[in-house]
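In: Kindly return the folded structure for what I paste below:
(2 chains)
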Amino acid sequence: EAQVTQNPRYLITVTGKKLTVTCSQNMNHEYMSWYRQDPGLGLRQIYYSMNVEVTDKGDVPEGYKVSRKEKRNFPLILESPSPNQTSLYFCASSLSPLRTLGRDEQYFGPGTRLTVT
Amino acid sequence: GDSVTQMEGPVTLSEEAFLTINCTYTATGYPSLFWYVQYPGEGLQLLLKATKADDKGSNKGFEATYRKETTSFHLEKGSVQVSDSAVYFCALQTSGGYNKLIFGAGTRLAVHP
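Out: Predicted structure coming up:
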């Protein structure tokens, strides 16, 4: 089954304790992206990756890191989490990083709810 | 910059009522427009899309028409069901070349029997 998976689905942690949220897709997609969802703000892009070893900042990258060493995986790293990073996080992927009709639909993972106390 | 504005929720309807969720956008160039749906506890699913002016996207009884003159992409359904209860997000895909989505704040729909 074609899908985007995220782990963990729920995480409660304390300020300053490094954590990683994993994202994996089995569709051989080139483009992957992380979003955070906050009430009243919709989804905002954190980082994206056009392909292996190619990553760039989205609209709200502060406090986050990513890596793309393999095509299927795109982990989100919080080196020193703070309470303002409490949010619902979504990973997404698409076949093409460009607006190419028929190849750019984004598929979303189930989300990771993170609470930082 | 590019942005999407959705009507605030929650929207509460009785089963079989008519649904409209308003969405307007600000964008340069020619964006593509989308509606995504998020059911409780799940990720986002693409509901419908339109890639150019006057296109109508439709799926599962939902429709939306890309109106460039009013910069709108309102979501409609003639007869809602309890199973349509979810959060609906309007989004645009920027025309700058790469595949970036900009989302509205989301509108929660609750349908009662």
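In: Check which helices and strands the lowest-mean-pLDDT helix or strand in chain B is in contact with.
Out: Ranking every helix and strand in chain B by mean pLDDT, DSSP states H and E puts strand B:101-103 at the bottom, with a mean of 91. Where contact means 3 or more CB pairs under 8 Å, 6 or more residues apart in numbering or on different chains; DSSP states H and E, strand B:101-103 is packed against strand A:42-51, strand B:3-6, strand B:86-93. All C-beta spots, glycine's among them, are computed from the backbone N, C-alpha and C.
In: Backbone dihedrals for the nearest residue to B:T94 once chain neighbours are set aside, please?
Out: Using CB to CB, 6 or more residues apart in numbering or on different chains and skipping residues adjacent in sequence, the residue nearest B:T94 is B:K100, 5.0 Å away. B:K100 has phi and psi values of phi -120, psi 130 when expressed as degrees, to the nearest 10.
In: Tell me the pLDDT of B:K100.
Out: Listed pLDDT for B:K100 reads 81.
In: residues contacting it?
Out: Taking CB atoms under 8 Å, 6 or more residues apart in numbering or on different chains, we find B:K100 in contact with A:33, A:45, A:48, A:58, B:93-94.
In: Just give me the closest of these to A:F90.
Out: Ranked by distance to A:F90 (CB to CB), those are led by A:S33 at 8.7 Å.
In: who's in contact with that closest one?
Out: Taking CB under 8 Å, 6+ apart as the test, what A:S33 contacts is A:45-49, A:58, A:74, A:91-93, A:106, B:100.
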